[in-house]
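Colleague: coords below, sequence missing:
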């Protein structure tokens, strides 16, 4: 009985009766003789297939865990949703016919199942139908399905899948009810009802027994209509707006300091491909081939997609006649200039690709209100696109930062654009079938097919092919136009030329060479702009909104005054995290001249991250007021003007000065150029700056200062390599003495975090270039803390650097006293000064049981019988009587210790007690007792090393022995002699002289020679006295 499970409960009972089966286990015996202990879940002695679902059972909710398991099982039973695409047209009297061999379809990313809430007195009548499925043997199987038009996936029960012989695959699907409520399950409907209440005689029913309780075998949702290319979805809406992700990506790239990156394998392949697949026609125009990584035959069909796009575009033309006029003019110009040509198309050729196109209409633009975009990323029937089978190496020119820095060093500068650069480069005829487009001249006009003959923007390899063609033009014409060839390789960014010269005549010659070299490649320059009228091209006019302002690589340049200005706008409506980020990221400034303002905005943005706000949540009142205040002042940067040129004419001296600083919120660096002439004129100009917000995981200020110095080292190296000037000196300034000391050390002696960054700085710069500057003279202090927009324009420190840069000499570095002792000892020894003046002992260090003369590493040990003020005063008197009175005493801070160091806490209390005996004695003797900073392990290391050496000898001599006071005094005194005999430096420069200078030389004027001890090794240890051991 293969269809037993498909029968109703009444039919099950009839089968058991006819075959005389056991109602409990369905075997051939009676229930009274059944030995099976398994019964129905209702605890009655019958098989579960004979169980009638009662109303009260239907009302019991299934637990959430059990419900998830059942739904997961139903998800396992489907073959990736084959049922959704397997619905064919109704057949056999309205019954559904399904094909179990239907192709797979892609599952959605989310799934929502809806269940009726049946906890009410009245039940809902759900839509059901009877359908027939064909199993693997070709037989038809009757199933009852529940129709749910609101679901996104079809389900089939496990037993039905097994009966049909379908393949199962496991998948994880989230199934939940509204508000995560439990979902009940059972038969549909739960009760019988009388159908005589309505007249259904004229209605053709898919389920004639819809009023009877019966199991549901599958959940059938709204299936798709079988048609070609059903996975292709087209949207008729077109909206042009600034993408926040792209804007943010561009912002972070500008903030980054570029470094040399080795060429990728893809770049090398594209370079070799271009070398072997480019040529020039008789007119000099270049012919190139697109670098393909796959055979174009894998593309599949794309014509019908391009056709649908074009029809959608014409629907838009009907509503916008102005757009139609501009679009038609563009297409006619493309055809007349030979950028495309019509072909006679019989059928879609294998290995061809039809590029959909659309228009971005910007009525506010005066120069180009319409921009036609070719979308070569549109997928074909095979799931590929033209861009997916091409290599994309990106831009191979210098980055924007380098081009702008070089643009600022010339006295006479000019800018220009290569006119229609892409369209001046031909694509090889063998690949033009990959660049087909569709167009018609009217709504009902005939459809025409065209092939684009030039490099097309919108294709992945177009930027590489254009840039590499210009580079090849420079290589081919270098002998004829050497100066212009250098400009094409160095001063070009995409199709924008930014160049010039320090001499007007040289600039004119360079301009003529550029025109000629590009003419040899059938290219031309237009939109000329210069800071001098002699470099302007006559007869050229453009509909600029302001003829005195030109936008150069996103930066506004006033050519008449030869300065940069800034155009920023803040949005007034709403204050959300998205708006804040969008406003900050729109500040397009490659050189970060407005660095302090941007830093303050970035610090504010980081604060919003700690509030855990969503992108479109309104800011709290405090933060909203702070942002509105900043945003209103943001407009003041529109009044700032910065000189383009950073050098004096024909300077006699050029210096680069870099400054770095850090705060708890951010760190940054700024680089300045100082140029001076023989006449005494000095000019100091800001070149560029960079900043970073401090990481969320807080670092100490010295580490942040070190990070700012790494940033400065990278920035200065980049600026110097870009400018290629005859630089006299380079100075790097930091206000952190700790970092400057780190830079003087070998990285191997430092901890990992510090060592890695010190090593990087030492590779990029020379250590002697680093100097100390006070915080008030450090312009990088502004970029590390942020400045309000209205205050930045008034800051001479930011725009011209500190005042001391205008002088010929700079602050000198003080040489520490330890350097004098190490390198000038002979001069001090031969001087007329007394020894006490040359080698004075002014400070001592006090530990719990040791006094050390700090400068000379002398050690004096005293035993104290009790920790009282009287005992300690007596100890100091003995010490002063033997070594002389000192002016300062240093000791550890009591807050450094716990537990076993309570004595030091008591000592700290005795010193700090103004009425105590010890403090009174110190005051009367004029001794200043200083405690080290609390929790500062980097202080007091000199005498702690002496304590370590004392313990080393004490443990090895005494061990676990118990000593009297006198015996312990002898041991400590002898150890003191050993420690004061440690060599410091050679006594003379004679290599044969093995005598060393020791602390004892400063105490008694000669080495300490102890009494020779007798040899007692042959005497048994039990016969030795304690002092002999």
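Modeller: Noted; the coordinates are in hand. Model, not experiment: these values are computed from the prediction.
Colleague: Show the residue spans covered by the helices in the stretch 901-1029 of the chain.
Modeller: Along the stretch 901-1029 of the chain, the segments classed as helices by DSSP state H, counting those that start in this stretch run 902-912, 917-925, 941-957, 965-979, 999-1003.
Colleague: Determine the set of other helices and strands touching the helix ranked longest in the chain.
Modeller: Counting by DSSP state H, the longest helix found in the chain is helix 701-723. Helix 701-723 sits against helix 400-407, strand 653-662, strand 666-676, strand 682-693, strand 729-734, helix 737-743, helix 752-764, helix 780-785, with contacts defined as 3 or more CB pairs under 8 Å, 6 or more residues apart in numbering; DSSP states H and E. (Glycine included, C-beta is placed from N, CA and C.)
Colleague: Give me the mean pLDDT for that helix.
Modeller: Across helix 701-723, the average pLDDT comes to 94.
Colleague: Buried ones in that helix, by neighbour count?
Modeller: Using 16 or more other CB atoms under 10 Å as the test for burial, helix 701-723 gives 702-719, 722-723.
Colleague: Endpoints of stretch 379-396, how far apart?
Modeller: Stretch 379-396 has an end-to-end distance of 27 Å (criterion: CA to CA, to the nearest Å).
Colleague: Quick check: mean pLDDT of that stretch?
Modeller: Regarding stretch 379-396, the rounded mean pLDDT is 86.
Colleague: residues near residue 391, how many?
Modeller: 16 (other CB atoms under 10 Å).
Colleague: cool, the one 5 residues further on as well?
Modeller: By other CB under 10 Å, the residues close to residue 396 number 16.
Colleague: Leaving out chain neighbours, which residue sits closest to it?
Modeller: residue 467 (5.1 Å; CB to CB, 6 or more residues apart in numbering).
Colleague: Past the lowest-mean-pLDDT helix or strand in the chain, which element shows up next along the chain?
Modeller: Every helix and strand of the chain was ranked by mean pLDDT, DSSP states H and E. The lowest is strand 96-98, at a mean of 35. Helices and strands here follow DSSP states H and E; after strand 96-98, the next one along the chain is strand 128-134.
Colleague: who are the neighbours in contact with residue 1000?
Modeller: Listed by CB atoms under 8 Å, 6 or more residues apart in numbering, the contact partners of residue 1000 are 977, 980-981, 1006-1008.
Colleague: Among these, pick out the one closest to residue 577, please.
Modeller: residue 980 (66.6 Å; CB to CB).
Colleague: you'd agree the closest one is up against residue 1003?
Modeller: Yes - between residue 980 and residue 1003 there is a contact under CB atoms under 8 Å: 6.4 Å.
Colleague: Which residue of these two possesses the greater neighbour count?
Modeller: residue 980 (22 against 18).
Colleague: dump the residue contacts of residue 27.
Modeller: Going by CB under 8 Å, 6+ apart, the list of residues near residue 27 reads 21, 34.
Colleague: how about it, secondary structure?
Modeller: coil (DSSP: H, G, I helix; E, B strand; the rest coil).
Colleague: Look up the pLDDT of it for me, please.
Modeller: pLDDT, residue 27: 75.
Colleague: Same check on the one 4 residues further on?
Modeller: Per-residue pLDDT puts residue 31 at 71.
Colleague: start at 51 instead
Modeller: That works, and once the first residue is 51, the last one we named lands at residue 81.
Colleague: burial count for it?
Modeller: Residue 81 has 13 nearby residues by other CB under 10 Å.
Colleague: Confirm for me that it is in contact with residue 72.
Modeller: Yes - counting by CB under 8 Å, residue 81 does reach residue 72; the two are 5.6 Å apart.
Colleague: For stretch 1052-1069, give the distance from the opening residue to the closing one.
Modeller: Using CA to CA, first and last residues of stretch 1052-1069 are 39 Å apart.
Colleague: right, I mislabeled it, should have said stretch 383-401
Modeller: 28 Å.
Colleague: Can you name the residues in contact with it?
Modeller: Here stretch 383-401 has contacts from 345-347, 349, 351-353, 404, 473, 483-484, 486-487, 498-504, using CB under 8 Å, 6+ apart.
Colleague: The same query, at a cut-off of 7 Å, please.
Modeller: Under the criterion CB atoms under 7 Å, 6 or more residues apart in numbering, residues 346-347, 349, 351, 353, 473, 483, 498-504 lie in contact with stretch 383-401.
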